[in-house]
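Novice: pasting the structure only:
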């Protein structure tokens, strides 16, 4: 019996490679006419001809990074992995490691050869900052089970003209047009550096038009977009929900525009832009009283300049009324109770310098600040002003690996006059692909 099993095993071992070889062997070519079977005999099927690549094929390129951050909080922050605001109550120091800022995405590229002739591009991108599997108050063993979060999902059609200009239409979820820059950092990426201290940002479903042109040595960009309304309103008054906030209730999309100029002269050059955001909000009164209808707005200026190959400077400024919460600012944007709401004026800015003595070693330093009108920001829970001072050393070890050490000092002033400060040290390693 044992001999039969060994013989059977040997036969299978021999048959499997032969079978795999047979499956990998291409079909025989069709026989010439004189070798075809006589009339009435079954005619063998011809081998399928290899199809040439389609002109409108889409190229898919994956990208992303694996990022580990180790944070040491010398003081108490509202969240332990991002120094957005110092907690008014001091619970002492904390240490935390996280890989939830890791990111995965794919870029798409193709061409519509049949109708429009447009060059097509797209992106879909995720990270793991959507939340936690077991909720905010669960055991720390569950905190690391970060849920996947959609960041970007957009497709763009672009038409290029002989004079070097182009026109593009984007459909999907992308960043907003106001203040589009981010500071350089490995520690604060998914929640970017200077967020809550002058760095506005949002991602939103939208339709966007972009025109790129050139006049002499200067290039210019004109953009306009209609975005799905969004705001930080969480008041329980009215039938509001995550898909039906005051912006949605207005029946009007958010409208944004941006104009920028850019130039390059050898190792120097840069881009300067100005942008505007407008939104209508309708706060529905649950008791049947008067609805509050408000117009909110933001104006922003952004600049990124390569002064030399050894120094880059970038920064942004914004001012607005009732709209900074749309761009994830911490300040309350609306004041007053139902039936008598009003907009809150806010301003903010940030600036950063990146010194590059050698390509593989960078030094960063920057400062950011955001504040609301002190006459309107009241109460111990509301932040009147928030600042961040940050420094870092980043090593570009190669095309794929970066690591660094960064430190940040934060000062938070609350509406009751309480002023607290704290600092955080971060050590990070990023593997890119």
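Specialist: Right, received. Where do you want to start? Because the structure is a prediction, the values reported are computed rather than measured.

Novice: Can you list the residue ranges for helices in the stretch 151-300 of the chain?
Specialist: For the stretch 151-300 of the chain, helices defined by DSSP state H, counting those that start in this stretch occupy the ranges 246-249.

Novice: just for it, where's the confidence low?
Specialist: 235-238 (pLDDT under 70).

Novice: mind running it again at 80?
Specialist: Where the stretch 151-300 of the chain drops to pLDDT under 80, the residues are 233-240, 286-289.

Novice: List the contacts of residue 204.
Specialist: Residues near residue 204 by C-beta atoms under 8 Å, 6 or more residues apart in numbering: 173, 174, 176, 227, 228, 230, 254. Bear in mind the C-beta positions are built from the backbone N, C-alpha and C, glycine included.

Novice: Now, the residues you listed that are in strands?
Specialist: Judged by DSSP state E, those include 173, 174, 227, 254 as members of strands.

Novice: quick check, nearest of those residues to residue 216?
Specialist: Nearest to residue 216, judged by C-beta to C-beta, of the ones in strands among the contacts of residue 204 is residue 174 at 30.0 Å.

Novice: Run through the bridge partners of the closest one.
Specialist: Residue 174 has the following beta-bridge partners by DSSP bridges: residue 204.

Novice: Look up how far residue 273 lies from it.
Specialist: For residue 174, the distance to residue 273 equals 16 Å [C-beta to C-beta, to the nearest Å].

Novice: related to what we said a few turns ago, relative to residue 248, which of the contacts of residue 204 is nearest.
Specialist: residue 228 (7.9 Å).

Novice: any idea which residue sits dead centre in this protein?
Specialist: residue 151 (5.2 Å; C-alpha atoms, centre = their mean).

Novice: give the contact list for that residue.
Specialist: 103, 105, 125, 126, 127, 173, 203.

Novice: which one is residue 420 nearest to, not counting chain neighbours?
Specialist: residue 86 (4.5 Å; C-beta to C-beta, 6 or more residues apart in numbering).

Novice: For the one you found, grab phi and psi.
Specialist: When read as degrees, to the nearest 10, the backbone of residue 86 gives phi -80, psi 130.

Novice: I figured it hits residue 77, correct?
Specialist: Yes. Contact criterion C-beta atoms under 8 Å: residue 86 and residue 77 qualify, at 6.1 Å.

Novice: any residues in contact with both of those two?
Specialist: Shared contacts of residue 86 and residue 77, defined by C-beta under 8 Å, 6+ apart, are found at 410, 422.

Novice: tell me which of the contacts of residue 204 is nearest to residue 390?
Specialist: Nearest to residue 390 among these: residue 176, at 23.3 Å, using C-beta to C-beta.

Novice: Leaving out the residues flanking it, which one is nearest to residue 256?
Specialist: The shortest distance from residue 256 to any non-neighbouring residue, by C-beta to C-beta, 6+ apart, is to residue 177 (4.2 Å).

Novice: Give me the distance between residue 231 and residue 193.
Specialist: According to C-beta to C-beta, residue 231 and residue 193 sit 24 Å apart.
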